[in-house]
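**Student:** Build the 3D model from these lines:
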Amino acid sequence: MKDSAATFHEDQQFRQTWVWLLILPGTAIVWYITIQELIFNNPIGNSNGSNTMTFILCIMFGILFPIFFYNLKLTTEVRNNGLYIRFSPIHLKFKKIPIDKETKHYIRTYKPITEYGGWGIKFGPKGKVFNVSGNLGVQLEFTNGKKLLIGSQKPQQLDSAIRQYLEKEGAS
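**Tutor:** Residues are numbered from 1 along each chain as shown. Here you go, the predicted model:
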């Protein structure tokens, strides 16, 4: 859907050390159990699982989950025809955010864990959020009362691009 040139583009990925310090030990444990049970025929604990189940769990949590998490990427674009968000590989294509129905937008500092329950795509009493890291973003408030926060490492540029788009749209 790149039918319009981007005046703002940002890609963000989960590359924080603390995130990988949470994921990699679990992956290592899965691999350890798999090697012990499938290669050395040494069941761990009261293992009643089959070799097939151990193999499937290794594929899922020892390979696919870390690859999936490594490939998660939030892309934010302001184009000549609107604001677009894509959280790949969850979203297969960009989602257009209807900022023509927006009443205001502003940069704000937020608390990802206490306000939204962490990072990612979140829904809650404070509205919807797309975020990957940090605690800065652009808050959008719509005429229907809904709110959307877009986390950004470049909040000033994102806010400025939204403002320029809305000014251009107002002049059209």
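**Student:** For the rest of this, base every contact and every neighbour count on C-alpha atoms.
**Tutor:** OK.
**Student:** Pull up the gap between Phe69 and Thr17, please.
**Tutor:** Note on Phe69: its distance to Thr17, by Cα to Cα, to the nearest Å, is 13 Å.
**Student:** do Ala161 as well
**Tutor:** Distance from Ala161 to Thr17, by Cα to Cα: 30 Å.
**Student:** quick one: which of those two has more around it?
**Tutor:** More crowded of Ala161 and Thr17, by other Cα atoms under 10 Å: Ala161, with 21 against 8.
**Student:** ok, what's across the strand from the residue nearest the centre of the chain?
**Tutor:** Among the residues of the chain, Gly120 comes closest to the average C-alpha position under Cα atoms, centre = their mean, at 3.8 Å. Beta bridges link Gly120 to Asn131, judged by DSSP bridges.
**Student:** That one touches Gly134, doesn't it?
**Tutor:** No - counting by Cα atoms under 8 Å, Gly134 is not a contact partner of Gly120; they are 11.6 Å apart.
**Student:** neighbours around Trp119, how many?
**Tutor:** 17.
**Student:** Would you mind measuring from it to Ile44?
**Tutor:** Taking Cα to Cα, one finds Trp119 at 34 Å from Ile44.
**Student:** Repeat that for Ile150.
**Tutor:** In terms of Cα to Cα, Ile150 sits 44 Å off from Ile44.
**Student:** repeat for Trp31
**Tutor:** To Ile44, Trp31 is 12 Å away according to Cα to Cα.
**Student:** And for Ile67?
**Tutor:** For Ile67, the distance to Ile44 - Cα to Cα - is 26 Å.
**Student:** for Thr109, same thing?
**Tutor:** 46 Å.
**Student:** Also Ile113?
**Tutor:** From Ile113 over to Ile44 (counting by Cα to Cα), the distance is 35 Å.
**Student:** What segments of this structure are strands?
**Tutor:** Assigned by DSSP state E, the chain shows strands spanning 6-13, 73-79, 82-88, 95-97, 102-109, 120-124, 127-131, 136-142, 147-151.
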